[in-house]
Structures are given as structure tokens and as C-alpha cells.
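K.L.:
for reference, the sequence and a predicted model appear below.
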Amino acid sequence: MQENYNRLLTYAYNITGSYEDSQDLVQDVIEKYILLDKSEIRDETNFLIKSTINHAINFKNRHSKKMVYGEWLPEPLSFENAENKLIKEQTARYTLLVLLEKLNARERAVYILKEAFDYSHQEIAEALDISVENSRKLLSRAGKQLQNIKYTPDSISISPDMAILHQYQQALSEGNVPHIEKLLIDDIRLSADGGKRVRVIKAVEVGKSATAQLLAYVQQQFLGNRPYTFHIFNHQPAICFWQGDRIYNCHILDIDPKGLIREIYSIVDPEKLKRLL
């Protein structure tokens, strides 16, 4: 059952973007399964997977609008944390989790089943109670919105990404706006999520100059004297700023093939930071 649990949790997290909610969903599925008459259930694993996926889709539909300060971002995860039970190779990279928010819950599920778990369209149709043709259409619609972002990197090139992370922090610590700008693509996008408790300066900033100035301001006002550590979360480089023994702010970076930062995700929501490390 533990192997099934890890797999079910991975399905649920990729669909919901929330580890805590995924734990509750999977626990609910398992508890209901234990009480079922299993005489007509031929394959326990497939039954649990189908139940979890549909439970997660229903949850996502009910919670599609989240009232938060800033822009809602998925909960990041570290595979260095022993409490993280997700299957690393089948967990979406962070940028893709953000982009998946553009999809409806069913499109998201079809895409995840195909890209992460290599389901055939026949298997997807059976899992979601839809036709094979509908599965193909949902996958096509999803793919058009996801900018050809890979589900997970073929191999995580940590060294170059971590080098950029060091340059990024150095530029921030100096408040050097021109230096920060050199690390960003022209249409860089910065998104900030404060959750239900923490106000953020701005939900979204776009453009090299405006983003660099905002980063320098936030560093000067809120992050300047805080210790920091470097990490890999959801297959992407990240920097954590600390307040005592808890993470105060986390920046997850998306690096393009030329080594420039094209997305910055700033998570300030304490509920999403408490399980990181």
C-alpha cells in the first residue's frame, strides 16, 4: 500500500499543486476503498488511481478561485525532505505546475497522465470516463497552452543553474539594478504569492527594467540582512531567505537555454514554505 500511496500522492499533487490537499485527498480515497465491497474490483491499483484522479479533478474544480495576496502559486517541494513521498521522476517541474493553472482540471489530468505516466489515450479514456477522441482533443488543447515546457528535465544540470543563482544573489545583495538586468530576459515575469496572510508589493511584474528595480527594492526593504541558502525545488534552482529557523521568502528561478532568468516565482505564503526543508 505504501508504493500505491506514493504514486497516488504524486497524481494528486500534479493535479492540485498542493501537497497538503493531496495528502487529504489520497487519505480520503484509501479510507473509502477500505470500506468498499471489493468483490467486483479486479485491479486494486487501477481502481485507486482512477478514484484519486477524479477526486483531485473535483477538488480542483471546487477550488479554482483562490483568494490570496498576490498571484496564487503551487506549493514548492524539496526531494531532500524525507517527509516528501512524491515520486521524483514523475513530479512536474515548477514552471510547468504554474502553467498548468491555465488549464481546466480535466485538461490538466489528461496532460499529466500522458506526459508523466505514459498512459495511452485508451487508458486515459477509461480512467476519466471519456472517449479516446476527447482525450486526444484535451491533450492537444493543453499542449497549445504549455509553451513546450518539458514535464521534468531529462537531466538536471545543477552546476550552471546554481552558478546563476550565485550571480543573482550577488546582484541582489549589492542592489545593483544594471547587474540584475543582465541576468534577465527582456520579458522576464516575476510572480509573488503571499497566501492569505502576507501582503506582497506587487502580484506580477513584467519586463527587465521594472523587475530589476522591484527586486532591488524588496531586497533593500525586506531581505537585505537575512541569511540565505541555495536549493533545488521541483527540479529548479531556488534561494531561500530565512527568519530565525523558518523560511521567510523563497525565489524559484526558471533558466532559459542561454543561461538567463525568464521567470521568478516569489513565495512568501508561510503555509507553502513550512514543509520545504
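P.N.:
Perfect, I can see it now.
K.L.:
tabulate the CA atom coordinates of the longest strand along the chain in CSV.
P.N.:
Secondary structure assigned by DSSP state E gives strand 184-195 as the longest strand of the chain. Listed next in CSV are the C-alpha coordinates belonging to strand 184-195 (Å, rounded to 0.1, in the frame of the first residue of the first chain):
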residue,chain,number,x,y,z
LEU,A,184,17.1,38.6,-17.0
ILE,A,185,15.4,38.1,-20.4
ASP,A,186,13.7,41.2,-21.8
ASP,A,187,10.2,40.0,-21.0
ILE,A,188,11.0,38.4,-17.6
ARG,A,189,8.0,37.8,-15.4
LEU,A,190,8.0,37.9,-11.6
SER,A,191,5.1,36.4,-9.7
ALA,A,192,4.6,36.8,-5.9
ASP,A,193,2.3,34.7,-3.7
GLY,A,194,1.7,35.9,-0.1
GLY,A,195,-1.2,33.5,0.6
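K.L.:
residue 253 belongs to a helix?
P.N.:
No: under DSSP: H, G, I helix; E, B strand; the rest coil, residue 253 falls outside any helix and is assigned strand.
K.L.:
show me where this protein has its helices.
P.N.:
2-16, 19-34, 44-62, 94-100, 105-115, 121-128, 132-145, 158-174, 177-182, 208-218, 270-273 (DSSP state H).
K.L.:
and the ones you listed as a markdown table, adding mean neighbour count?
P.N.:
Backbone N, C-alpha and C define where each C-beta goes, glycine included. Conversion of the helices of the chain to a markdown table gives the following (neighbours: other Cβ atoms under 10 Å):
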| stretch | mean neighbour count |
| --- | --- |
| helix 2-16 | 21 |
| helix 19-34 | 17 |
| helix 44-62 | 18 |
| helix 94-100 | 23 |
| helix 105-115 | 23 |
| helix 121-128 | 18 |
| helix 132-145 | 16 |
| helix 158-174 | 16 |
| helix 177-182 | 16 |
| helix 208-218 | 19 |
| helix 270-273 | 18 |
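K.L.:
just checking, what packs against the longest strand of the chain?
P.N.:
With contacts defined as 3 or more Cβ pairs under 8 Å, 6 or more residues apart in numbering; DSSP states H and E, strand 184-195 has these neighbours: strand 69-70, strand 204-206, helix 208-218, strand 261-267, helix 270-273.
K.L.:
just send those back as a markdown table, with distance to residue 161 too.
P.N.:
Below are those laid out as a markdown table (distance: least, Cβ to Cβ, whole Å):
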| stretch | distance to residue 161 |
| --- | --- |
| strand 69-70 | 25 |
| strand 204-206 | 22 |
| helix 208-218 | 18 |
| strand 261-267 | 10 |
| helix 270-273 | 21 |
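K.L.:
right, so of those, which gets closest to residue 24?
P.N.:
Of all the helices and strands packed on strand 184-195, helix 270-273 sits nearest to residue 24, with 13.8 Å by Cβ to Cβ.
K.L.:
hmm, who's touching the closest one?
P.N.:
Helix 270-273 is contacted from outside by 20, 73, 75-76, 193, 195-198, 246-250, 267, using Cβ atoms under 8 Å, 6 or more residues apart in numbering.
K.L.:
now stretch 166-186
P.N.:
The set of residues external to stretch 166-186 that reach it, using Cβ under 8 Å, 6+ apart, is 164, 207-209, 211-213, 215-216, 219-220, 223-224, 228, 230, 239, 251, 253, 256, 260-262.
K.L.:
re earlier: quickly, which of the helices of the chain bottoms out on average pLDDT?
P.N.:
Of all the helices of the chain, the minimum mean pLDDT falls on helix 158-174 (a mean of 86).
K.L.:
check what pLDDT residue 224 gets.
P.N.:
For residue 224, the model assigns a pLDDT of 89.
K.L.:
let me see the contact set for it.
P.N.:
Counting by Cβ under 8 Å, 6+ apart, residue 224 makes contact with residue 173.
K.L.:
likewise for residue 107?
P.N.:
For residue 107, the contacting residues are 138-139, 141-142, by Cβ under 8 Å, 6+ apart.
K.L.:
I'd like to know which of the helices and strands packed on strand 184-195 is closest to residue 146.
P.N.:
Nearest of these to residue 146, taken as Cβ to Cβ: strand 261-267 at 13.5 Å.
K.L.:
and that closest one, which strands flank it?
P.N.:
In the sheet containing strand 261-267, its partner strands are strand 184-195 (parallel), strand 246-255 (antiparallel), by DSSP bridges.
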